[in-house]
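1. Based on what follows, work out the 3D shape:
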Amino acid sequence: MSSGEFRDANLRLLSEAVSQKNRQLQQAIRSGNDDLVRAIDREIDPLMADLISYRASHTDDIYLQMRLVTTLLREDADDRSCVLRHASTLALLVERYFGPRRTQVAGPVWAPAAIDAPIQDDDEMLNETILNNLPERIAVVTRDYRYLFANPPMAEMLGAAQIDLIGQSVFEVRLEPELREPMREALDLAFSGRVGALSTVFRSGMEGRIVLRARYSPLRASRGLVNGAVLTFGDSESMIGGMAA
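-> Reported below is the predicted structural model:
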């Protein structure tokens, strides 16, 4: 897509910047340069926030704004965390331009039951429907290390109902004690705006001791403020029976 198709000059510049950074990111991923990937990731986040928070006034620009996000979805299809972010971004655009949130059946991730949850604008919410239908285990964590949301696969692994996990400490729900400090360090990195991965160990009620690879990323508001962290847990690395190893 040529960014010159945008009628709005500001959207055109933002689109060019995002597209250029994403091309650089794909090249860094292909080269296996993890440090460069993390650096470009940090540069893309505020650009994406500016692009998505910008309200297009012309129908053609609305279409192109949404089409850019779908293009990023295809380009980043191998990265589940990126897919999650882009899908949520696309949902926000759809909700902004084509339907008020008040008429929706599915509510946002930010729920009134969450303790100390700040009041957010519509553009600062992740779409709960998208998260609930992803096969990966997804958790949203507040800056005080408490579960704000867990999708059904995550809640099932933790042996609790989704609503019961809201407000509970991440460190006290089936996370093995020796992994509490690494988890805290990873979340602190996400709160500072960084992305990365770590290995975690949970004691699942049905599966015993389960080792998972997790990817962490910041949960950003439309103005770039980091409100929390998103944890995406991949396939099991290994499982150990119900008795502690």
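
2. Would you mind measuring from Arg184 to Asp61?
-> In this view, Arg184 and Asp61 are 43 Å apart by C-beta to C-beta, to the nearest Å. Where C-beta positions appear, they are placed from N, C-alpha and C, glycine not excepted.

3. Which parts of this structure belong to which domain?
-> Using automatic domain parsing, the domain ranges for the chain come out as 3-101, 107-116+126-240.

4. a markdown table please, covering the ones you listed and showing mean pLDDT.
-> As requested, the domains of the chain are arranged in a markdown table below (pLDDT from 0 to 100):
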| stretch | mean pLDDT |
| --- | --- |
| domain 3-101 | 77 |
| domain 107-116+126-240 | 80 |
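
5. tell me the SS of Leu134?
-> Secondary structure state of Leu134, per DSSP: H, G, I helix; E, B strand; the rest coil, is coil.

6. tell me the contacts of Ser169?
-> Under the criterion of C-beta atoms under 8 Å, 6 or more residues apart in numbering, the contact list for Ser169 reads 145-146.

7. Run through the bridge partners of it.
-> Counting by DSSP bridges, Ser169 forms beta bridges with Arg146.

8. Quick check: it vs Thr142, distance?
-> In terms of C-beta to C-beta, Ser169 sits 10 Å off from Thr142.

9. Kindly report the same for Ala186.
-> Taking C-beta to C-beta as the criterion, Ala186 is separated from Thr142 by 15 Å.

10. Comparing the two, which residue is more hemmed in?
-> Counted by other C-beta atoms under 10 Å, Ala186 and Thr142 do not tie: Thr142 has more neighbours, with 24 against 21.

11. The more buried one is in contact with Phe149, isn't it?
-> No. Counting by C-beta atoms under 8 Å, Thr142 stays clear of Phe149, with 9.7 Å between them.
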